[in-house]
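*Asks:* Model the following, please.
(one chain, ligands or ions: 2)
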Amino acid sequence: MKFGYFDDVNREYVITTPATPYPWINYLGCQDFFSLISNTSGGYCFYRDARLRRITRYRYNNVPIDSGGRYFYIYDSGDYWTPGWMPVKRELDRYECRHGLGYTRITGERNGVEVSQLAFVPLNYNGEVNQVVITNKSGSEKEIALFSFVEFCLWNAMDDMTNFQRNFSTGEVEVEGSAIYHKTEYRERRNHYAFFWVNSPIDGFDTDRESFLGLYNGFDSPKNVAAGKPTNSIASGWSPIASHYIKMSLKPGEKRSYIFVLGYVENPPEEKWERKGVINKKRAREMQQKFIDDTCVEKAFQELKDYWADLCSKFALESHDEKLNRMVNIWNPYQCMVTFNMSRSASYFESGISRGMGFRDSAQDLLGFVHQVPERARQRILDLASTQFEDGSAYHQYQPLTKKGNSDIGSGFNDDPLWLILATAQYIKETGDFGILDEMVPFDCDENKKDTLFEHLKRSFYHVVNNLGPHGLPLIGRADWNDCLNLNCFSTQPMNPFTPADKFEGRVAESVFIAGMFVLIGPEYVELCKRRGLSEEAAEAEKHIQNMVNAVLTHGYDGEWFLRAYDHFGNKIGSKECSEGQIFIEPQGICVMAGIGVKEGLAQKALDSVMKRLDTKYGIVLHTPAYTEYYLNLGEISSYPPGYKENAGIFCHNNPWIAIAETVIGRGDRAFEVYSKIAPAYIEDISDIHRTEPYVYSQMIAGRTRWSFGEAKNSWLTGTAAWNFVAITQYILGVRPVYDGLMVDPCIPASWDGFTVTREFRGSKYRIRVENPEHICKGVNKVIMDGKEIEGQVLPVSPKESEHEVIVIMG
Ligand code: BGC
Ligand code: NOJ
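*Replies:* Ligands and ions are numbered 1, 2, ... in the order given. Predicted structure coming up:
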């Protein structure tokens, strides 16, 4: 069952009922100011950091779900309602929500009044714009009042939700004209404030939540809206809000447009005050002037649309498959941008409080994003590397506002360092910017401890080499990619974390997954050494990689698939000898991607085992059989009920690894099957089962051991986005940047006749038509560029701004 449809021409998903199976959200903003907005206008916004600089308040796990947002209440002769249906839930005569790239338009109609709300964060602007257009569609004149509403957060979202003995006494506002200023803590150590402004005179306002709602009312029935008049309240402590009150009378057919701006302003310390106690509003007024009328909105909105059209054109697919085109051209790159911006911080499943930027998460997100805005990817690499320690290990997370590693989480996740090499390699392949390797980057953000980025990568590589276990496989530390495989923790008390910061020194538990990563990513380090003329170091590194291949073949293969790990006692995990958790997806994906066991036929066997044992109709589960009890030697993985999350859920992130692995052994049909099984556009029809947004990937889908099999959770912020973009564009369609050009090496279903990709690469444009006359999966017979046959499959780097016609004949 569906709850809307894709409008590909406008790059939108159109939701036709407000009561979706879960709030279906969108993100506004792609630089510093961000908002989350649901299909009923719920959500919140923040500046850079969802924890430290939260602008509006949001209550997670609320009842009813998704209460709180930017709301525009209509008061119409005793009746009142909201165009997004929530929170008032008055029945609408018409409802539509269009989530587009960086904007959302919600339209609701009731009793002859239509309200259309367009929300977006303009480029280079620290604010959310809401253009609210009210049209009288009835045959008679209407007297209407509009109440806007937002609730401020007292900046630090964690304190805001906990420290009420202080919070209830600190809230302060100012009102001037049509602007309401939130200035809590500005009198002391903050030099930032927020404002909510409208481009028209107002007939009243409220800034105190209790005065507006009534102490015992919810957002569904604000006292002042019900009464049709505001109280002009000035907040003093308690909970500051901003609500404008605007009266209007509309003739039949008449429409009125109002532009609301929710903005964020920082003042230099010496320019904080206009006069004693009065904040300096100069910068706010300048921001407001930018949106004084509808032409300003149209212009800024068009700029945003053009920006996205440009980003989407960097990799454009024309194929026979409408769903595939929609994923590759619109929704997958869009989600890649969002994951790059947010890491795992703020979604409807991530509270914005508990996690900042993840080291491995951001490094992987970058893989799907780097072609969009390479300069931003470059900065991210340098930021990540700055949180690395001198021994090559790294903080697991950092806060975006401070860019400092989170010491409460610390380091010890032994896969982290390698992801930095992969991200850097991918960035260089995209841009040709080898210069990044010479950037001086601190360790542990300490400016006194600096070295080149290249040296950081070397430390990453040797962090693995220096931390091998009894079988010559990498020590796992607190965990590898699978956060929940906690082999050194032995947590017996609910208060004890599964990945304690002080318990990763175990020198026995080893990860076959990190071994696969090392063999996959190590060669990038080798290549970079060679290009820097360090041939001895390259040869040395190659030896380490070969040793690792041998270690995996000797100690990391279990007969029909790759083992997952060795535990603290040296026992196998992910082996046929285990009673539960016999086979895991991760090592099958990563080891085959790395090419281990391909020539010996072991790779194919492993992937066949995946198909036989782990595959389901909704995707590939993480392992099987699910753990049915808590295993002290395994940790959090066995804490989840069987079939959820890392305990045998369909953990989408590593499904594309299998798709890529299948292309390594040339099975294009199977690669595409794996890809399309979890790709949102292909499962839109089961939105009632899947429940999360049909336009983006979710982290997890309930596995076959659950009655809720097929139900997804944790949408948006997942490495699934980046990896699927890589799988489809670089390995299935096969257009992938390499150090010296653009490789074309498709691995597609045999039934396909071909496809066309337009790829912008290092400043020039390649229009690549792939033809598959013999209906094979893989293999290229001929590459013709600008009418001339070229040797090999790598399109050479071309002069900037040039355009090229390429024909690739498979065979
Ligand atoms: C989840 C993981 C997640 C981790 C983050 C665990 O509870 O299962 O998916 O990465 O928490 O700390
Ligand atoms: C989600 C985390 O963000 C990611 O870093 C991790 O790899 C997966 N969970 C698997 O545990």
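*Asks:* Any regions of the stretch 301-450 of the chain where pLDDT drops low?
*Replies:* The stretch 301-450 of the chain contains no residues with pLDDT under 70.
*Asks:* which residue ranges form the helices in it?
*Replies:* For the stretch 301-450 of the chain, the helices defined by DSSP state H, counting those that start in this stretch cover 322-326, 332-342, 359-369, 374-386, 416-431.
*Asks:* And the pLDDT for the closest residue to I279 other than its chain neighbours?
*Replies:* Using CB to CB, 6 or more residues apart in numbering and skipping the chain neighbours, the partner closest in space to I279 is K183 (5.3 Å). Just so you know, the C-beta spots here come from the backbone N, C-alpha and C atoms, and that holds for glycine as well. On the pLDDT scale, K183 is placed at 98.
*Asks:* next one: phi and psi at K183?
*Replies:* Main-chain torsions, K183, degrees, to the nearest 10: phi -130, psi 30.
*Asks:* how close does it sit to ligand 2?
*Replies:* Computed as CB to the nearest ligand atom, to the nearest Å, the K183 to ligand 2 distance reads 36 Å.
*Asks:* ok, now T424?
*Replies:* In terms of CB to the nearest ligand atom, T424 sits 19 Å off from ligand 2.
*Asks:* Would you confirm that that residue contacts L453?
*Replies:* Yes. Using CB atoms under 8 Å, T424 is in contact with L453, at 6.9 Å.
*Asks:* what ranges do the helices span in the stretch 701-811 of the chain?
*Replies:* Going by DSSP H, counting those that start in this stretch, the stretch 701-811 of the chain shows helices at 720-725.
*Asks:* Return the nearest residue of it with respect to ligand 2.
*Replies:* G719 (6.5 Å; CB to the nearest ligand atom).
*Asks:* How about the contacts made by that residue?
*Replies:* Contacts for G719 (CB atoms under 8 Å, 6 or more residues apart in numbering) come out as T339, D361, Q364, D365, H653.
*Asks:* now, among the residues you listed, which is nearest to ligand 2?
*Replies:* D361 (4.8 Å).
*Asks:* what about the closest one, neighbour count?
*Replies:* For D361, the count of nearby residues is 26 (other CB atoms under 10 Å).
*Asks:* What of W657?
*Replies:* W657, neighbours per other CB under 10 Å, totals 26.
*Asks:* That one should be in a helix, yeah?
*Replies:* Yes. With DSSP: H, G, I helix; E, B strand; the rest coil as the criterion, W657 is part of a helix.
*Asks:* Now it: closest residue in space, sequence neighbours ignored.
*Replies:* Using CB to CB, 6+ apart, the closest residue to W657 is G589 (2.8 Å).
*Asks:* State the helix or strand in which that neighbour lies.
*Replies:* Following DSSP states H and E, one finds G589 within helix 585-593.
*Asks:* how distant is that helix from the center of its chain?
*Replies:* Distance, stretch centre to chain centre, for helix 585-593: 23 Å (CA atoms, centre = their mean, to the nearest Å).
*Asks:* Show me what secondary structure element comes after it.
*Replies:* Next element after helix 585-593 (DSSP H and E): helix 602-609.
*Asks:* in that next one, what's buried?
*Replies:* By 16 or more other CB atoms under 10 Å, the buried positions in helix 602-609 come out as L602, A603, Q604, K605, A606, L607, S609.
*Asks:* what angle separates it from helix 585-593?
*Replies:* Helix 602-609 runs at 150 degrees relative to helix 585-593, counting by axes from the mean of the first three to the mean of the last three CA atoms, to 10 degrees.
*Asks:* Show me what helix 602-609 is packed against.
*Replies:* helix 585-593, helix 655-664 (3 or more CB pairs under 8 Å, 6 or more residues apart in numbering; DSSP states H and E).
*Asks:* Which residue does this protein have closest to ligand 1?
*Replies:* For the chain, CB to the nearest ligand atom, closest residue to ligand 1: D483, 3.8 Å.
*Asks:* if we can go back for a sec, restricting to the contacts of G719, which residues neighbour ligand 2?
*Replies:* D361 (CB under 6 Å from any ligand atom).
*Asks:* what's the nearest residue to K223 if we skip its chain neighbours?
*Replies:* K223 sits nearest to G214 (CB to CB, 6+ apart), 3.4 Å away.
*Asks:* Same check on I596?
*Replies:* The nearest residue in space to I596 (CB to CB, 6+ apart) is V552, at 5.4 Å.
*Asks:* where does the one you found land on pLDDT?
*Replies:* V552 is given a pLDDT of 98.
*Asks:* how deep is it tucked in, by neighbour count?
*Replies:* Applying other CB under 10 Å, I find that V552 has 26 neighbouring residues.
*Asks:* Likewise for E684?
*Replies:* Neighbours of E684 using other CB under 10 Å come to 20.
*Asks:* I'd guessed it sits against M1; true?
*Replies:* No. Between E684 and M1 there is no contact under CB under 8 Å: 9.7 Å.
*Asks:* picking that back up, dump the buried residues of helix 602-609 to a markdown table, plus distance to ligand 1 and pLDDT.
*Replies:* Below are the buried residues of helix 602-609 laid out as a markdown table (distance: CB to the nearest ligand atom, whole Å; pLDDT from 0 to 100):
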| residue | distance to ligand 1 | pLDDT |
| --- | --- | --- |
| L602 | 29 | 98 |
| A603 | 27 | 98 |
| Q604 | 30 | 98 |
| K605 | 29 | 98 |
| A606 | 24 | 98 |
| L607 | 24 | 98 |
| S609 | 24 | 98 |
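*Asks:* Describe which strands the strand ranked longest in the chain pairs with in its sheet and in which direction.
*Replies:* Assignment by DSSP state E gives strand 142-155 as the longest strand of the chain. Sheet pairing of strand 142-155 (DSSP bridges) gives strand 54-56 (antiparallel), strand 71-76 (antiparallel), strand 240-250 (antiparallel).
*Asks:* where does the residue lying farthest from the centre of the chain land on pLDDT?
*Replies:* Farthest-out residue of the chain from its mean C-alpha position, per CA atoms, centre = their mean: S140, at 47.4 Å. According to the prediction, S140 has pLDDT 97.
*Asks:* Then K89?
*Replies:* The model's pLDDT for K89 equals 98.
*Asks:* wouldn't it be in contact with D220 here?
*Replies:* Yes. Using CB under 8 Å, K89 is in contact with D220, at 6.3 Å.
*Asks:* ok, now which ones touch C591?
*Replies:* V512, A515, G516, V519, V552, G556, F562, G597, A603, A606.
*Asks:* isn't the third one right up against F562?
*Replies:* In other words, G516. Yes. The pair G516 / F562 is scored as a contact, 7.3 Å apart, by CB under 8 Å.
*Asks:* Let me have the strands paired with strand 142-155 in TSV, extended by distance to N267.
*Replies:* Formatted as TSV, those follow (distance: least, CB to CB, whole Å):
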stretch	distance to N267
strand 54-56	16
strand 71-76	29
strand 240-250	19
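*Asks:* out of those strands, which comes closest to A501?
*Replies:* Closest to A501 of the strands paired with strand 142-155 is strand 54-56 (CB to CB; 26.1 Å).
*Asks:* quick one: which of the contacts of C591 is most hemmed in?
*Replies:* Counting by other CB under 10 Å, top hit in the contacts of C591: V512 with 33 neighbours.
*Asks:* Next one: the closest residue to the residue farthest from the centre of the chain other than its chain neighbours from ligand 2, what distance?
*Replies:* Taking CB to CB, 6+ apart, and ignoring the residues beside it in sequence, S140 has P252 as its nearest neighbour in space, at 6.3 Å. Using CB to the nearest ligand atom, P252 is found at 54 Å from ligand 2.
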